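Asker: Any chance you could fold what I've pasted below:
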Amino acid sequence: MEFKLIIKKINDTLSSEEESIFDAWYNESDSNREYFNRVQNNFESDIDDVDLDLAWKAINKEITPKKNKKSYYKYAIAASVALLMGISYFTYNSKTQQTISIDNKPVEGVTLTLSDGTTVVLSDHKNGVVANQENAVITKDKDGQIRYEGNEAEHQGKIAYNTLVTANGKTFQIELPDGTNVWMNAGSSLKYPTYFSGNERAVILTGEAYFEVAHNEKMPFKVFSNGQEVEVLGTHFNIKAYLNEPNIKTTLLEGKIKITENDNSMLVKPGQQVLVFTDQHLMKIADVNTESSVAWKNRLFYFENAKCDEIMREIERWYDVDVVYKGKIPDERFQGAIQKDLKLNQVLKMLESKDVHFKVSGKEVIVTQ
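Answerer: Have a look, this model is predicted:
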């Protein structure tokens, strides 16, 4: 049962076909009826204040591409007003979002380590020239993005590698020397050369990043992450490869990519996501809602039937805290979206239910049932 049908039922906008689907689900069990009633009771008072079209436009402004499953994501944005956990529900007044800032932002921000070991704190650096290297000039534009400008005639010596690191709670955008754009999520690192040569363009990723790769048939673009290799010619895709996650998630939005792990390879089409379990040398592929994979680019937590520990790892990375479980990890599942422009305690309050409780102690978030 898709969440959007519940919202459309509340707004009395179901088509006859959708009405039949909803009725079958509603009449299937008492728990389904209880679930709907709770959603309706808590959601009706707030949904009238939400302009779904404006919400979609705000989100879609920075999430690309804009082709697939727009209507599904449109209703997921409405869920930023209310997040589901099991059958418990909360409401949130979106009008307060503009005046709320994030807690616990790390001081170090975003750093660029040059090949000679020099470290530049980009988040504190003014616009203009950031650094001069032997074969490249690194600049920071008015939008905060860094770019590389090089002289091809100078690209004769040893290739230099730089490493861009985003601390917890920070995101950043970089344009690589070949024109490829990379958006990096919090707690991530990207190692790349100051110019690309030879027969391929290779970078190393730890964490999560979204790539819009500049097309070059003669030089395939490769991303290496925790034993996985992704090869592309020119495309848009997202890789989530944090070391503390149970798998690597690669989601393709446009183009075509080939993923290799150990001796296994898989071709991926737009709208598909591949899970790689490197410890088991196992790969799984499925059709997914691709927009949810890049929602982080627009400062959104987006959950689709997510486990508690999965969500808390997102909380750890964004708010730079440590999560401690007292007792077993709760079994509840989460669905919906929350803007990241909220304080930690506000997000935790939204996630709480009669079965899950949170307590903040210094830089620790304690989870109990």
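
Asker: List the residues that contact the residue nearest the centre of the chain.
Answerer: For the chain, Trp296 is the residue whose C-alpha lies nearest the centre (Cα atoms, centre = their mean; 3.5 Å). Neighbouring residues of Trp296 by Cβ atoms under 8 Å, 6 or more residues apart in numbering: Thr171, Asn185, Glu208, Tyr302, Lys340. For every residue, glycine as well, the C-beta is placed using N, CA and C.

Asker: can you tell me which of those are in strands?
Answerer: If you go by DSSP state E, the contacts of Trp296 have Glu208, Tyr302 in strands.

Asker: want to try CSV for the contacts of Trp296, with distance to Lys218 as columns?
Answerer: Formatted as CSV, the contacts of Trp296 follow (distance: Cβ to Cβ, whole Å):
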residue, distance to Lys218
Thr171, 32
Asn185, 30
Glu208, 29
Tyr302, 37
Lys340, 39
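
Asker: who wins for neighbours among the contacts of Trp296?
Answerer: For the contacts of Trp296, the largest neighbour count, defined by other Cβ atoms under 10 Å, is 26 neighbours, found at Glu208.

Asker: how near is the residue nearest to it when sequence neighbours are not counted to Lys126?
Answerer: With sequence-adjacent residues excluded and distances taken as Cβ to Cβ, 6 or more residues apart in numbering, Glu208 is closest to Asn185, at 3.8 Å. Distance, Asn185 to Lys126, using Cβ to Cβ, to the nearest Å: 24 Å.

Asker: What about Glu17, how many residues nearby?
Answerer: Glu17 has 8 nearby residues by other Cβ under 10 Å.

Asker: before we move on, what about Val223?
Answerer: 26.

Asker: so after the one helix or strand it maps to, what's the next helix or strand?
Answerer: Val223 belongs to strand 221-225 when elements are defined using DSSP states H and E. Next along the chain after strand 221-225, taking DSSP H and E as the criterion, comes strand 228-232.

Asker: I'd guessed Val213 sits against Val232; true?
Answerer: Yes - using Cβ atoms under 8 Å, Val213 is in contact with Val232, at 5.2 Å.

Asker: which residues do the two both contact?
Answerer: Joint contacts of Val213 and Val232 (Cβ under 8 Å, 6+ apart) are Phe221, Gly255.

Asker: I'd like to know the beta-bridge partner residues of Ser265.
Answerer: Thr260 (DSSP bridges).

Asker: Go ahead and confirm it touches Ile259.
Answerer: Yes - applying Cβ under 8 Å as the test, Ser265 and Ile259 come out as touching, 6.9 Å apart.

Asker: More neighbours: the two, which one.
Answerer: Higher neighbour count among Ser265 and Ile259: Ile259, with 24 against 12, using other Cβ under 10 Å.

Asker: which residues does the more buried one contact?
Answerer: Gln228, Glu229, Val230, Glu231, Thr250, Ser265, Met266, Val268, Val274, Val276, Met283.

Asker: tell me which element the fifth one is part of?
Answerer: For Thr250, the element it lies in under DSSP H and E is strand 248-254.

Asker: So for that strand, mean pLDDT?
Answerer: Strand 248-254 shows a mean pLDDT of 95.

Asker: helices and strands around it, which ones?
Answerer: strand 228-232, strand 236-241, strand 272-277, helix 290-293 (3 or more Cβ pairs under 8 Å, 6 or more residues apart in numbering; DSSP states H and E).

Asker: Swap in 7 Å and give it another go.
Answerer: Using 3 or more Cβ pairs under 7 Å, 6 or more residues apart in numbering; DSSP states H and E as the contact test, the elements touching strand 248-254 are strand 236-241, strand 272-277, helix 290-293.

Asker: Please consider this matter closed, and thank you.
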